[in-house]
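J.: Have a look at this fold, sequence not included:
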């Protein structure tokens, strides 16, 4: 299956440059992956072959691979070859966001994760919010806490849609969920070189944001009942989890574990970072108390509008204990970094006239219907599906890495893009399967794709009878 | 002068908590500084006195002070006492941006640095831009490069107002200048624990952003002709400078130094970070070539709208060599961090119909007039003024730290807020003086304040006759 990478590989190394050859080589390969010349799944030559080809020592090639592996660009150094693992991050040449859809043929069905249901956003409401924002007074100084009216709006949103009583003073604007995780680390809350546990499988951008700040990330095991508090490694300064709808497996953290987690956090001086992933998207199950509601003294609660509305706003929020809030504000003051105010303003206006609440109702209704269609279709055909009745994707577990790879490849051949669980692991994958997202795919298309999906999964994933 | 800090100091330490007492103490003091209970200039007790008061060991008190010193909250540990140095970074309780003006008496004249001339922003044009932005299509995926139309707008702006020919592909949106400096470090461009030189005195938020990423910052000496290339410490991976209008001294880097700097950068594999501070605000002096125009292969050019428009937009730009751009995009992909799109869109609309160009013309005219008024008034009275005919502030050099402190204090007593050079140093101050900013102060007020300013400076700062 591996594409021929030979055209992407002639790398020009400057032996006169003071930049080490290994750094030059890693830079060149990273640039090719970033620009799409190397793509996810491409197999790279062995360090020995690459070294021979570029006439450098094998140590140089190995050091470059080591670096790219640490950064998550490649995987599988030992034994079976080295593969590019990362989706190209939007090449440097301008690429409009819809290019993937526009340039690919119309038969492609995108069931990957991460997009909001942007088609469902009422354009009239969106336009109204921007127009109303036009009266915003241009700030003279950056607003490090976030706009006061944004903090009020978020406090009301959390009360209404998440049952969380949060004082406006405890709400800070952020630039999104993984940005906030990085900010907590950069603010020095965990100390230099500290360890933080993140759910495994879990949200790899949070892992990336923590690692970029020098944090050592350890895996926190999860099962269908969410994070397992007793299995969080000892000595970590914080644990990052998604109790509302575990990303990517889709379970929610059971109530007894919620209590156990915050008790352990209190006893051991750990901070709990609650990523309220898909928190607004629960369908017919009763809500469980947020960790931030159980223990506002040790929990930092994170939310975002990127999934319920659109990444265009570029905003999120943090509800934090006072000492954490102070440290984050001090960090922003020292570094001159602030959450952008423009998007905050648009959200305030969307909320003010009820459009946000209307959108959330519509979103829940539509995604619940898509979910039911998909889950019913799969389970009726005997395909086992993981995850609570919530959120924007389901997971079909598979027995092995080979099965996962085979299903992804076969799906791609039939014009269906899916997400494997492998890329949601920080270390060696321990769970195999495929996530099926349904935000970008309307019901008729989803219905039409069902037969193909069932045929892909049958033989691999079946209900225990 | 030191305020009594005893009411702010009863700190409750939890001896049963696993959090070390020194960390608890530092957190508590930081929180008081962040909330304004402790203020810049407040004198703290000695470690011995504090330890006795809180019944902890002196080691605990010393470790807490050490931490706060490293973070820039306090200064002067040895000898003459410990002082709070940082202006409170917007306390956690909501504080509207104009609170300082609203709550203080009307006679206060704010001549500190850092605000844009927001009063001068035509509200009709601002409103038009927001309304036109209402048609923006909500993104499905975050745009890691920045919106395509934003990159085009910036390329046109740089060509028209800065004489820089930059391909759209080389332009990336950022969240502002110091945020971009931090991003370059976080993207691993300098390596772990690398050293980067920053102008001294210089832009301390860039210093803060670099340090927050584990970079060791070394001082790069400057004089009235800007950064001195030969004096940049050997072995640094990058040098951060503001050649258009050195911040805060106000000189521009002379042409021969520009050439020498980029040649040295090429020879030693250094990256040059060109902070185009006040680049759009030159009055009657001819422009010098941007470093990015001289050497696009080793220069990262940074710009922002925070000073020429308003921090509300929360956006800036980076023009970077391809390998740097790729590394930044790879970092954004790994960490899920992106420049916010909403503000980008508003800038595009402001530029599209000519309002941005009109605003810049008006801004230059008004600030040039204010500058002339201030510089003429001061020099006629024999007060020496530093800096090129550009930008939004002038610097009056003073002979000593004592003189600086005395002038700032005397000005404050007469209702005038000024900025001292001390706070623009990363290390021990080597230049003394006062910066007088004029963005927040209209001509009649400035004229009225001139007499007081002259009387403050006379006796300290005079022209050599």
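T.: Thanks, I have it. Here the structure is a predicted model, which means the values were calculated and not measured.

J.: right, and residue A:312 touches residue B:134 too?
T.: No. Contact criterion CB atoms under 8 Å: residue A:312 and residue B:134 do not qualify, at 11.8 Å. C-beta here means a position set from N, CA and C on the backbone, and glycine is covered the same way.

J.: Does stretch A:128-146 reach chain B?
T.: Yes. For stretch A:128-146, a contact with chain B is found by CB under 8 Å from any CB of the partner chain, at A:128-131, A:133-136, A:138-145.

J.: Residue A:312 and residue B:134: which has the busier surroundings?
T.: Ranked by neighbour count (other CB atoms under 10 Å in any protein chain shown), residue A:312 and residue B:134 place residue A:312 first, with 30 against 20.

J.: circling back to that earlier point, in strands, which of the residues of stretch A:128-146 next to chain B fall?
T.: Nothing among these maps onto strands, per DSSP state E.

J.: Which positions in the stretch 251-400 of chain A make contact with chain B?
T.: Within the stretch 251-400 of chain A, the positions adjacent to chain B are A:267-269, A:306, A:309-315, A:322-323, A:325-327, A:329-343, A:345-346 by CB under 8 Å from any CB.

J.: Pull up the gap between the residue in chain A sticking out farthest from the centre and residue B:203, please.
T.: Distance from the C-alpha centroid of chain A, by CA atoms, centre = their mean, peaks at residue A:16 (40.8 Å). Noted for residue A:16: a distance of 33 Å to residue B:203, by CB to CB, to the nearest Å.

J.: what's the answer for residue A:121, then?
T.: For residue A:121, the distance to residue B:203 - CB to CB - is 39 Å.

J.: Equivalent analysis for residue A:221, please.
T.: Applying CB to CB to residue A:221 and residue B:203 gives a distance of 45 Å.

J.: what's the answer for residue A:202, then?
T.: 37 Å.

J.: Neighbour count for these two, which is higher?
T.: residue A:202 (27 against 24).

J.: quick one, domains of chain A?
T.: What automatic domain parsing lists as the domains of chain A is A:1-97, A:123-353, A:357-457.

J.: now, of the ones you listed, which is deepest in the fold?
T.: Comparing the domains of chain A by mean neighbour count (mean count of other CB atoms under 10 Å in any protein chain shown), domain A:123-353 comes out on top with a mean of 22.

J.: same question for stretch A:179-199, mean pLDDT?
T.: Per-residue pLDDT over stretch A:179-199 has a mean of 93.

J.: May I ask you to name the longest helix in chain A?
T.: In chain A, assigned by DSSP state H, the helix with the most residues is helix A:355-380.

J.: The following helix or strand past it packs against which elements?
T.: Under the assignment DSSP states H and E, the closest C-terminal helix or strand after helix A:355-380 is strand A:393-397. Based on contacts counted as 3 or more CB pairs under 8 Å, 6 or more residues apart in numbering or on different chains; DSSP states H and E, the elements that strand A:393-397 packs against are helix A:355-380, strand A:433-437.

J.: Could I get the contacting residues of residue A:242?
T.: Residues in contact with residue A:242 (CB atoms under 8 Å, 6 or more residues apart in numbering or on different chains) are A:199, A:202-203, A:226, A:274-278.

J.: any low-confidence regions in chain A?
T.: Judged by pLDDT under 70, chain A has its weakly predicted residues at A:1-8, A:17-20, A:33-37, A:39-41, A:67-73, A:75-80, A:85-107, A:284-286, A:461-465.

J.: on that earlier part again, looking at the helices and strands packed on strand A:393-397, which is nearest to residue A:182?
T.: Proximity to residue A:182, assessed across the helices and strands packed on strand A:393-397 by CB to CB, is greatest for strand A:433-437 (24.0 Å).
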